[in-house]
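Peer 1: turn this into a model:
(one chain, ligands or ions: 1)
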Amino acid sequence: MSDNIATLEINGEKHEFPIIEGTENEIAIDIKKLRGSTGGVITIDPGYKNTGSCQSGITFLDGEKGVLRYRGYAIEDLAEKADFLEVAYLLIFGELPTKEQLEKFHKDIKKESVVDDDVKKILDAFPKSAHPMGVLASLTNALTAFNPSSVNVDSEEDMYKAIVKILGKFPVLVAWTMRKKQGLPLDYGDSSLGYVENVLKMMFKQPNEAYTLNPIVVNALDKLLILHADHEQNCSTSTVRIVGSSHAGLFASLAAGISALWGPLHGGANQAVLEMLEGIRQDGGDTKKYMAKAKDKSDPFRLMGFGHRVYKNFDPRATIIKKAADEVLGDLGVEDPILDIAKGLESEALEDKYFVDRKLYPNVDFYSGIIYRAMGIPTEMFTVMFALGRLPGWIAQWREMRLRKEPIGRPRQVYIGENHREFKNISNR
Ligand code: CMC
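Peer 2: Purely as a prediction, here's the structure:
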């Protein structure tokens, strides 16, 4: 590799490829011309661990240094000083909004926050036992049928209309998904409230009581949504981009992203944390026993919510959310043996040599599950809350992909099946 050129030698023949550099000095070999110049050679990289799928100006993260920035702004500053809707605007349009821009954005979203009443019939058809992520993905896809103009978006203006539509309707679907499961009447909240305040009201308002907002809970949810709003090219985001690259509509692309997020290896981890804590409780609540199991190499048990594939020193999101978790638990005065087990595990792991040596700190999912539980959100809804937070990131990535006129996503493969075979009639097989 020299002078911004990488040389690849195949069967004695040399091929040169440009090296490109990102604004944070990340280096990549541009292999766009690889097949053409080599007569059909491709690269193979299952899981895309070494493959950049795009050039993006939205989110930067450095796992070694524990850095996460949206559009150049530190996640710590955004979580402390901005609200979720401001962050959504920043991610989608690239700049922090002025007061006027933010007001117009919110007004446009509110105008679109009514869902066609027939969507209720679709929701009604699901059994109560349905996982909320499946319901949410289906309803999001169904919205395309009720809003066909959201599909052909050739101008930025068309895109804007589709974006405010989904930002208005998605929280309604999130809330209805939970209320349906709990047998509560569907609610539209109150459009005079802030975006996050209204989400809480839509989810929790009881039919026979006025709903009072708790500022500590609003603040914690606002932060959680900001922290989950984007995380560059992860599984669900890449899914949204690749589905959108076929020019399927925004809502269909988002529905695919929701399905990708559902999996326990991705957004489902926050649910796994609570299920682990519940398992420990049912086994007598002995945290020391489970600490020992986590360290025992002959035992497959791992402490869910500890460690991270990308963040190797600390998860910057976890540092921020731990404070909010302490505030929420303190303020709500929640008495819950599950939360006591969580606190026990956290303090033991932070002082345990095994965990300290391997830099295994609680990750964002450890605390988000605890907060959601304290707020009274059912465990199965945790990944739905993650989806609500990730919505602006998915939209921003979809919009960027369309504006950059990226080609349809179509990976290659190395075929390892049978070579040509003669067809045999069924009587001869
Ligand atoms: N409990 C006990 N030991 C652990 C744990 C854990 N949670 N995580 C890692 N280790 C040990 C592991 O056994 C290994 O030990 P040794 O060096 O003696 O062999 C060492 O720490 C390094 O682990 P690793 O598996 O090489 O680390 P990784 O980067 O491959 O895995 C991880 C990262 C997140 C998959 C893993 O830490 C884990 O399974 N954590 C629990 C699941 C979890 O909380 N997942 C949510 C992650 S946050 C969601 C997101 O942002 O996408």
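
Peer 1: which residues are in contact with the residue of the chain found nearest the ligand?
Peer 2: In the chain, the residue found nearest to the ligand is Gly307; the distance is 2.2 Å by Cβ to the nearest ligand atom. C-beta coordinates here come from the backbone N, C-alpha and C atoms, glycine included. With contact set as Cβ atoms under 8 Å, 6 or more residues apart in numbering, Gly307 has these partners: Arg358, Leu360, Tyr361, Asn363.

Peer 1: report how many residues lie close to the residue nearest to the third one when sequence neighbours are not counted.
Peer 2: Counting by Cβ to Cβ, 6 or more residues apart in numbering, Phe314 is the residue found nearest to Tyr361 once chain neighbours are left out, at 5.3 Å. Residues lying near Phe314 (other Cβ atoms under 10 Å) number 15.

Peer 1: number the chain from 59, please
Peer 2: Okay, residue one is now 59; in that scheme the one you just asked about reads as Phe372.

Peer 1: check contacts around Phe372.
Peer 2: Gly124, Lys417, Tyr419 are the contacts of Phe372 under Cβ under 8 Å, 6+ apart.

Peer 1: by neighbours, which of the residues you listed wins?
Peer 2: Tyr419 (24 neighbours).

Peer 1: does Tyr348 lie in a helix or a strand, and which?
Peer 2: helix 345-353 (DSSP states H and E).

Peer 1: quick one: average pLDDT of that helix?
Peer 2: Taken as a whole, helix 345-353 carries a mean pLDDT of 94.

Peer 1: got the CA positions of it in CSV?
Peer 2: Coordinates of each C-alpha in helix 345-353 appear next as CSV, following Å, rounded to 0.1, in the frame of the first residue of the first chain:
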residue,chain,number,x,y,z
THR,A,345,-25.9,-13.1,42.6
LYS,A,346,-22.6,-14.6,43.7
LYS,A,347,-23.5,-18.0,42.3
TYR,A,348,-24.2,-16.4,38.9
MET,A,349,-21.0,-14.3,39.1
ALA,A,350,-19.1,-17.6,39.6
LYS,A,351,-21.0,-19.3,36.7
ALA,A,352,-20.1,-16.3,34.4
LYS,A,353,-16.4,-16.8,35.2
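
Peer 1: alongside the ligand, which residues does the stretch 309-458 of the chain contribute?
Peer 2: Proximity of the stretch 309-458 of the chain to the ligand (Cβ under 6 Å from any ligand atom) is limited to residues 327, 352, 360-367, 416, 418, 421, 423.

Peer 1: for those, point out the one with the lowest pLDDT.
Peer 2: Among these, Arg367 carries the lowest pLDDT, at 76.

Peer 1: what's the spacing between that residue and Asn292?
Peer 2: For Arg367, the distance to Asn292 (Cβ to Cβ, to the nearest Å) stands at 10 Å.

Peer 1: between the two, who's got more neighbours?
Peer 2: Comparing Arg367 with Asn292 by other Cβ under 10 Å, the one with more neighbours is Asn292, at 18 against 7.

Peer 1: SS state for the closest residue to that one other than its chain neighbours?
Peer 2: What sits nearest to Asn292 in space, not counting adjacent residues and going by Cβ to Cβ, 6+ apart, is His324, at 7.0 Å. Secondary structure for His324, judged by DSSP: H, G, I helix; E, B strand; the rest coil, is coil.

Peer 1: list the contacts for His324?
Peer 2: Residues near His324 by Cβ under 8 Å, 6+ apart: Asn292, Cys293, Ser294, Ala318.

Peer 1: re earlier: buried ones among the contacts of Gly365?
Peer 2: Leu418, Tyr419, Asn421 (16 or more other Cβ atoms under 10 Å).

Peer 1: include secondary structure when you put those residues into CSV, please.
Peer 2: Output for these, formatted as CSV (three-state DSSP):
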residue, secondary structure
Leu418, coil
Tyr419, coil
Asn421, coil
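
Peer 1: mind listing what's buried along the helix or strand bottoming out on mean pLDDT in the chain?
Peer 2: Within the chain, no helix or strand scores below helix 374-390, which has a mean of 86 by mean pLDDT, DSSP states H and E. Neighbour-count burial for helix 374-390 flags 374-380, 382-383, 385-387, 390 (criterion: 16+ other Cβ under 10 Å).

Peer 1: got it, and stretch 79-91?
Peer 2: Ala86, Ile87, Ile89.

Peer 1: counting only strands, which of the residues you listed make the cut?
Peer 2: Members of the buried residues of stretch 79-91 lying in strands (criterion: DSSP state E): Ala86, Ile87.

Peer 1: quickly find the element holding Val414.
Peer 2: Following DSSP H and E, one finds Val414 within helix 411-415.

Peer 1: just the angle for the next helix or strand after that helix relative to helix 374-390, thanks.
Peer 2: Next in sequence after helix 411-415, counting helices and strands by DSSP H and E, comes helix 422-433. Counting by axes from the mean of the first three to the mean of the last three Cα atoms, to 10 degrees, helix 422-433 lies at 20 degrees to helix 374-390.
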